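>>> Below is the structure, and that's it, no one-letter string:
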DNA sequence: GATGAATGAGTATTCATTCAT
DNA sequence: AATGAATGAATACTCATTCAT
């Protein structure tokens, strides 16, 4: 998707304003001003405000990696991989602006924008698949509905923690939740998969 | 808090419109029309739109129990308690409209509404404390930062799953995520607390 | 003009609010509340807000004496009479609320309310006539266009000083303006009338 | 201060409506219509109705000289100077629209608009200072609290006469009040200052 | 392409007035 | 008489969109 300089400026401006003011507080004039255009000029690049928001969402969801693909270096031990994902999540919690944009877009999607809903579906599939792949490699388990389910809950847990961070609920020190996360990744999940495997075997 | 019929009609109308259109799309005129009032009549019950939204939120967050307080019947076995909380969560995932309202309010809180932010803070504290209490009783562990941390993650997981539900990501069948939830509650968490306890002892 | 208790309460309330908030800020509901009535009840006493304002003006202008009629005690010396009028004016400058009401009504009259304009005309005639009478008696001059003109300027000066007081211009200490007023009344005006009289005689 | 055509149109429209209907009756829609704009267009020039009124006042009070600065031509005799100020006042009484605007603004200031109140304070100081300077030069007296006090009363008298004119009290023919004004300026005030000076000397 | 003035429908809010009770 | 809920037109203000230049 070729995108000229003007469009990029507009998108960047829109993203910034959405993060600062929310979609409700994002006006065309505000976007134009921040992008360095006149209000009228915007219409040379986009036919409507709606169109801009659509592209913001498109780009916004596209850019976010959330969970980086773990390097395909097979030599790495499980512990290293887990450490990497742990640090990745930690980093995720810091990215306030990006998370904010994400939740604002989710909000828009919920209101009924089906295009965005479809994009979210694809994105979540991608994110969860990546997490699942990491688990499969790190824990040496067979990929299947249960690995997917664990990955889904992991994704959900991250979303929920980010939400609490954005809402500034401050109900607990990160120190403790991090220890839980670390334990889950290094000991809880492995143990969990063992239980499942043995159960599955029991069934067989 | 006595609440007359007019206020109830207005709140109900506001709630419905928020769920359908989001807070952005919720106009006073819309509320008035759906409540069967003229625009001016609204002001007999509420001094501003802000005040209506505040009440919607107050009621909205107040009504939602999310995790029911576990009955104080000490005779119950851990398994029964866990089953109760499991079913409570299941039920939670069904309440689409209520969840939607919750996320819209969260959105508003993020944009900067400090009243709502404060409410959320209080609510999350309450919810998490309840979950923690259940864990303490069910698993027979001592209450402390780690029980709180686990409760916080549980809350986060639920939020994240509700979000995925509302976004209709449909990345996995509920059957599997439910099994993960069930395992976590019945075996994962107990084992997890054991690990922590033994670690704590090692330290000593 | 018989006036029942309800009407009096309403008028008093209206007067107070006008003084505090101006006519613009005077609402029927506000009047009703302060008068201890329901909004609807007002309409048993007055057919419209306009009618209330009209009565406020009627009463308002009627009550104000501005320059009290000097007692008709002929024994008094000029100096005493002048002292009385001087003190009357001093007192006038203190009556902030009453002055305020007066200027608000004048404002309304200027906007085009002809009834009020007529009332003001009558009132000013009355006020000026009183001042003139005092001058005639105190200075022992013959009543005529010139005594009237001096009285008119005196009235104007008082109005202007009250206006500056209400506007809080604070351009000078009352001490000095009072001395000017005192000199004018005790020496300036007598001298002034002498000059005129001699001029008039010159003409003859 | 560059002021484009649109702003000027709006100010002119606002001024006219204020004079016709008072500030209370001055609506944005009314201004827009008379200025030949749509309601929204107004906001390209002014950020609020408040801002328009502020500019009206700023211009309104700024333009009004009331008492022109007497030419600094030292050759002029006292009589000439006094004649000039006398004619200036005469002219003042004619400017109905301008005076009306002034009283409407004063009304607004009294209601509590602190910006306008401040402007009035500055303006009155300026006006009175000018009158005082004229007196000092014309009568050859030393500037001090008493010259200021006389100037203040002169200003007050003018205001009061303008008020009576606007209210159409018509209690006396201008012929007579003008004669009083003329006598005051040419003989009353000089004599008055003599009296004061001699009194001051008596004290010493 | 670019500008920014102009549009007009839409928003929350106010308030004199009405009317069923 | 009295209430106060209800009305609806009016108010200031916003903003996506258009269009002459």
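Now that the structure is in, tell me what you want to look at. This is a predicted model, so every value here is computed, not measured.

>>> Only C-alpha atoms from now on, for both contacts and neighbour counts.
OK.

>>> Which neighbouring elements make contact with the longest helix anywhere in chain A?
In chain A, taking DSSP state H as the definition, the longest helix is helix A:114-139. Judged by 3 or more CA pairs under 8 Å, 6 or more residues apart in numbering or on different chains; DSSP states H and E, helix A:114-139 is in contact with helix A:49-63, helix A:78-94, helix A:96-111, helix A:145-166.

>>> Which elements pack onto the next helix or strand after the last one?
Next along the chain after helix A:145-166, taking DSSP states H and E as the criterion, comes helix A:174-183. Using 3+ CA pairs under 8 Å, 6+ apart as the contact criterion, the neighbours of helix A:174-183 among helices and strands are helix B:145-166.

>>> Single out the residue in chain A that lies closest to DNA strand E.
DNA strand E sits closest to residue A:40 of chain A, with a gap of 3.0 Å, by CA to the nearest atom of the strand.

>>> distance of that residue from residue D:42?
Noted for residue A:40: a distance of 18 Å to residue D:42, by CA to CA, to the nearest Å.

>>> Give the residue from these two that has the larger number of neighbours.
residue D:42 (22 against 11; other CA atoms under 10 Å in any protein chain shown).

>>> dump the residue contacts of the closest residue to that one other than its chain neighbours.
Spatial nearest neighbour of residue D:42, excluding adjacent residues (CA to CA, 6 or more residues apart in numbering or on different chains): residue D:32 at 6.5 Å. By CA atoms under 8 Å, 6 or more residues apart in numbering or on different chains, the contact list for residue D:32 reads D:10, D:13, D:38-39, D:41-42.

>>> ok, of these, which one's closest to chain A?
residue D:41 (14.7 Å; CA to the nearest CA).

>>> can you list the domains in chain A?
A:5-60, A:64-203 (automatic domain parsing).

>>> If I look at the closest residue to residue A:148 other than its chain neighbours, what pLDDT would I see?
Once flanking residues are discounted, residue A:148 sits nearest to residue A:132: 5.8 Å by CA to CA, 6+ apart. On pLDDT, residue A:132 comes in at 90.

>>> same question, residue A:39
pLDDT, read off for residue A:39, is 93.

>>> Could you give the number of residues near it?
So residue A:39, with other CA under 10 Å, has 14 neighbours.

>>> so it touches residue A:28, yeah?
Yes: under the criterion of CA atoms under 8 Å, residue A:39 makes contact with residue A:28 at 7.1 Å.

>>> Can you list the buried residues in the longest helix of chain A?
Burial within helix A:114-139, assessed by neighbour count using 16 or more other CA atoms under 10 Å in any protein chain shown, is assigned to A:116-117, A:119-121, A:123-125, A:127-139.

>>> for stretch A:97-113, same thing?
A:98-111.

>>> of those residues, list those near chain B.
A:100, A:103-104, A:106-107, A:109-111 (CA under 8 Å from any CA of the partner chain).

>>> By proximity to chain C, which residue of chain A wins?
Counting by CA to the nearest CA, chain A gets nearest chain C through residue A:25, at 32.2 Å.

>>> Once you drop chain neighbours, what's closest to that residue?
Nearest to residue A:25 is residue A:18, by CA to CA, 6+ apart, at 7.2 Å.

>>> can you pull the contacts of the one you found?
A:25-26, A:101, A:104.

>>> For chain A, name the helix or strand with the lowest mean pLDDT.
helix A:189-203 (a mean of 75; mean pLDDT, DSSP states H and E).

>>> Spell out which parts of chain A neighbour DNA strand F.
With CA under 7 Å from any atom of the strand as the criterion, chain A comes near DNA strand F at residues A:25-29, A:39-41, A:43, A:47-50.

>>> Mind doing that once more with 6 Å?
Within chain A, the residues that sit near DNA strand F (CA under 6 Å from any atom of the strand) are A:25-29, A:39-40, A:43, A:48-49.

>>> Show me which of those has the smallest pLDDT value.
residue A:25 (81).

>>> in chain A, which segments are predicted with low confidence?
Residue ranges of chain A with pLDDT under 70: A:1-3, A:61-76, A:112, A:199-204.

>>> Out of the contacts of residue D:32, which sit inside helices?
D:10, D:13, D:42.

>>> For residue C:188, see how far away the second one is.
So that's residue D:13. Distance of residue D:13 to residue C:188, computed by CA to CA: 46 Å.

>>> ok, now the first one?
Between residue D:10 and residue C:188 the distance, using CA to CA, works out to 48 Å.
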